[in-house]
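Undergrad: Make a model of this:
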Amino acid sequence: MAPETGFTSPLRLYSENPVAVLERLRDGCLDYLGEANDRVTDLHLLAAIKSGLLDACADSFPDPRDAPQIPMRVLLAAAIAGAFAGEYALSQAAPALHSPAVLAELGYNVAWLTPGQGLSQWGTEEEALFHSSTLFKLLLQVDAADRAAGRSPGASLIEWWNDHVGPAFLRLVGGSPGAWIVDCTKLLVNLENPRYEGSSTATDEDGKPLRGYKLGLLSCLLSEGRLIVRLGWDGVRESDHTVARPLMGAASPLEKGDTLLHDRGLLDGETISTLKRDLGVDVVFGIKKSMLASRLAVAQAVLRPRCHWKPHPERPDQEILLVRNIGEPWEALTVPINGCVVREADARQPDGYRYYVFGSTNLQRTAAGIVRDYGSRTECEEDHRQTKGRDWEMDEFTSTKLVEIVFHVVVVLFAYNLCQWYGQTESGEPFAGKTKRARQRAVKRERTAWLVVISGPYYAVLDDLTVAEVLLEVEGEARDALRASIQRQQSDRRPSKQVGSSGVLVPGLG
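TA: Next up is the predicted model:
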């Protein structure tokens, strides 16, 4: 991380202390009172700050700036806030960081600063903590540093994720949960625009041309959802194997005794053998119908005399059967595997059934265990599919520069991971298993109105009735002081220049 300059601006330090805030209110001390409208963003960002996650990731960011005036923790918090708000242009990051609670927890005065103030010596013409060009300039320097090191622009951001961000999230959940998923996804751009840096062209399953990138993901399974721990990046033309295989190498967080759920499109006998033989990691995977191992498994199941098919543990219209040693026809596979054959009625088939085969290197696993293992993959794939949908719009790019595209992707994935982790905490338990949009709807349905209250060096997010009860108790000089503070805040407001999705415009507190 680049060194900080120690530059000071007219900003105060605040700490969260609801008890102290209420006590000071009773004495007539009030600096700011306003709505906490961005509850979903605030809850997640405050959790990231208080847990130390934000600082750990900001400290390890590949920041090439010399003596920066804007701390990386502020820029990263702003970018994450923008991802939650659906503002993906870099120019919107600065105004996205407008929550009084989040700014106070970051250690800054929550005022919208007037021109000539701000976190930079030259000031800002915007009602934001820093100028919108700051992130542009930072990423230009990241781009230049990557090129000077002979790397693709944005490669250091992928390394930052793999070496620091993913492990930081993993530490928050207490280490490896033992179950992992590896998969790849396409990030498509306008086929007719060749200026998307680093993109390539390929064809889809139907032979239609497409342009874009390929993103590899290694994720650990949580009780609900998953955390993305490692990333791979290349042009869309590259095969899934090329992008995903490095995620499972020596630097991966996979440990002996873990289980990896493998996609059919990533089947590779050599990789499966290495994981089992050298790392002690079991692999569960779907086997393509065209493969000899699949045909052998079905033949064993159909031809076995007096075989006893069992009900599928989750699908009443299917039956399952365990078959052993189905990997012999697979030359690249050098470890034994068992298979679970699944059948369902289909009158169009010669014997009246359609068959599916799933393999596992865990020879102690039952047929039900194998399909349960693989079934958890389907849920997570649907969950992650939403990152490219209306929830996160990970593949909506506002620039054709590769470094800005990669930064957008890693920030969205950071915010996605933050949602996944926060849902596992005691505070975030009401959000567990819910998408970002579902969390926002749940907060909107709350009957409680929340207020941000700042008094002296303290701030608190309190429900409106608690604040009202205290204010009604205040009398005498303290009441006069509160009235003067509120009148001053009213006169300082400039409604025509409200910024950010919350509509909160915070006056100067100096």
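Undergrad: Run through the stretch 201-350 of the chain and note the low-pLDDT ranges.
TA: 265, 305-306 (pLDDT under 70).
Undergrad: mind listing the strands for it?
TA: With DSSP state E, counting those that start in this stretch as the criterion, the stretch 201-350 of the chain has strands at 209-221, 226-235, 259-262, 282-287, 310-311, 318-323, 338-345.
Undergrad: Let me see the contact set for residue 287.
TA: By Cβ atoms under 8 Å, 6 or more residues apart in numbering, residue 287 lies in contact with 264, 267, 293, 294, 297, 339, 357, 358, 359. From N, CA and C alone the C-beta is placed, and that goes for glycine too.
Undergrad: Quick check: PyMOL command selecting the buried ones in those.
TA: Buried residues within these, by 16 or more other Cβ atoms under 10 Å, are selected in PyMOL with:
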select buried, resi 267+293+294+297+339+357+358+359
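Undergrad: now, which of the contacts of residue 287 sits nearest residue 146?
TA: residue 267 (32.8 Å; Cβ to Cβ).
Undergrad: Could you check how far that closest one is from residue 256?
TA: 22 Å (Cβ to Cβ, to the nearest Å).
Undergrad: of the strands of the stretch 201-350 of the chain, which approaches residue 431 most closely?
TA: Across the strands of the stretch 201-350 of the chain, closest to residue 431 is strand 226-235 (Cβ to Cβ), at 15.1 Å.
Undergrad: Which strands or helices does the closest one pack on?
TA: Here strand 226-235 touches helix 155-160, helix 166-172, strand 209-221, helix 240-244, helix 367-385, helix 402-422, going by 3 or more Cβ pairs under 8 Å, 6 or more residues apart in numbering; DSSP states H and E.
Undergrad: Let's see that with 6 Å instead.
TA: helix 166-172, strand 209-221, helix 240-244, helix 402-422 (3 or more Cβ pairs under 6 Å, 6 or more residues apart in numbering; DSSP states H and E).
Undergrad: Report all helices and strands that the third one contacts.
TA: Contacts of helix 240-244 with other secondary structure elements, assessed using 3+ Cβ pairs under 6 Å, 6+ apart, are made with strand 179-189, strand 209-221, strand 226-235.
Undergrad: List the buried residues of that helix.
TA: 240, 243, 244.
Undergrad: quick one: the second one and residue 215 touch, right?
TA: No. At 7.5 Å, residue 243 does not count as touching residue 215 under the criterion of Cβ atoms under 6 Å.
Undergrad: wait, doesn't residue 458 sit right on residue 17?
TA: Yes. At 4.2 Å, residue 458 counts as touching residue 17 under the criterion of Cβ under 6 Å.
Undergrad: Which one of these two is surrounded by more residues?
TA: Applying other Cβ atoms under 10 Å to residue 458 and residue 17 shows that residue 458 carries more neighbours, namely 21 against 16.
Undergrad: Roughly how far does that one sit from residue 16?
TA: Distance from residue 458 to residue 16, by Cβ to Cβ: 7 Å.
Undergrad: Can you give me the distance of the spatially most central residue of the chain to residue 177?
TA: Closest residue to the average C-alpha location of the chain: residue 416 at 2.4 Å, with Cα atoms, centre = their mean. Residue 416 sits 17 Å away from residue 177, going by Cβ to Cβ.
Undergrad: do residue 472 as well
TA: 49 Å.
Undergrad: which of those two has more neighbours?
TA: Higher neighbour count among residue 472 and residue 177: residue 177, with 15 against 9, using other Cβ under 10 Å.
Undergrad: From the structure, what's the count of residues near the nearest residue to the more buried one once chain neighbours are set aside?
TA: Once flanking residues are discounted, residue 177 sits nearest to residue 220: 5.3 Å by Cβ to Cβ, 6 or more residues apart in numbering. Neighbourhood size, residue 220 [other Cβ under 10 Å]: 24.
Undergrad: what about the helices in the stretch 351-500 of the chain?
TA: 367-385, 402-422, 436-444, 464-473, 476-492 (DSSP state H, counting those that start in this stretch).
Undergrad: Point out the most buried one among the ones you listed.
TA: helix 402-422 (a mean of 24; mean count of other Cβ atoms under 10 Å).
Undergrad: Compare the helices of the stretch 351-500 of the chain and report which one is nearest to residue 143.
TA: Relative to residue 143, the nearest member of the helices of the stretch 351-500 of the chain by Cβ to Cβ is helix 402-422, separated by 4.2 Å.
Undergrad: Can you list the buried residues in stretch 48-55?
TA: 48, 49, 51, 53, 54, 55.
Undergrad: Would you format those as JSON lines with secondary structure and pLDDT included?
TA: Below are the buried residues of stretch 48-55 laid out as JSON lines (DSSP: H, G, I helix; E, B strand; the rest coil; pLDDT from 0 to 100):
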{"residue": "48", "secondary structure": "helix", "pLDDT": "96"}
{"residue": "49", "secondary structure": "helix", "pLDDT": "93"}
{"residue": "51", "secondary structure": "coil", "pLDDT": "94"}
{"residue": "53", "secondary structure": "helix", "pLDDT": "97"}
{"residue": "54", "secondary structure": "helix", "pLDDT": "96"}
{"residue": "55", "secondary structure": "helix", "pLDDT": "95"}
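Undergrad: between those residues, which is closest to residue 26?
TA: Among these, and counting by Cβ to Cβ, the member closest to residue 26 is residue 49, at 28.2 Å.
Undergrad: Now name the helix or strand holding the closest residue in space to that closest one that isn't next to it in sequence.
TA: For residue 49, ignoring the flanking residues on the chain, the nearest one in space by Cβ to Cβ, 6+ apart is residue 105 at 5.0 Å. Following DSSP states H and E, one finds residue 105 within helix 100-106.
Undergrad: I'd like to know which elements that helix is packed against.
TA: Secondary-structure packing of helix 100-106 (3+ Cβ pairs under 6 Å, 6+ apart): helix 39-50.
Undergrad: Relative to residue 193, how far out is residue 210?
TA: On the measure of Cβ to Cβ, residue 210 and residue 193 end up 12 Å apart.
Undergrad: Show me which of these two is the more surrounded one.
TA: Set residue 210 next to residue 193 and count neighbours by other Cβ under 10 Å: residue 210 wins out with 16 against 10.
Undergrad: who's in contact with residue 256?
TA: By Cβ atoms under 6 Å, 6 or more residues apart in numbering, residue 256 lies in contact with residue 280.
Undergrad: If we use 10 Å, what do you get?
TA: 278, 279, 280, 281, 282 (Cβ atoms under 10 Å, 6 or more residues apart in numbering).
Undergrad: Now the common contact residues for residue 243 and residue 215.
TA: Common contacts of residue 243 and residue 215 (Cβ under 10 Å, 6+ apart): 184, 185, 231, 232, 233, 234, 236.
Undergrad: In these, find the pair that's most separated.
TA: Of all the pairs that those form, the one spanning the most space (Cβ to Cβ) is 231 and 236, at 15.4 Å.
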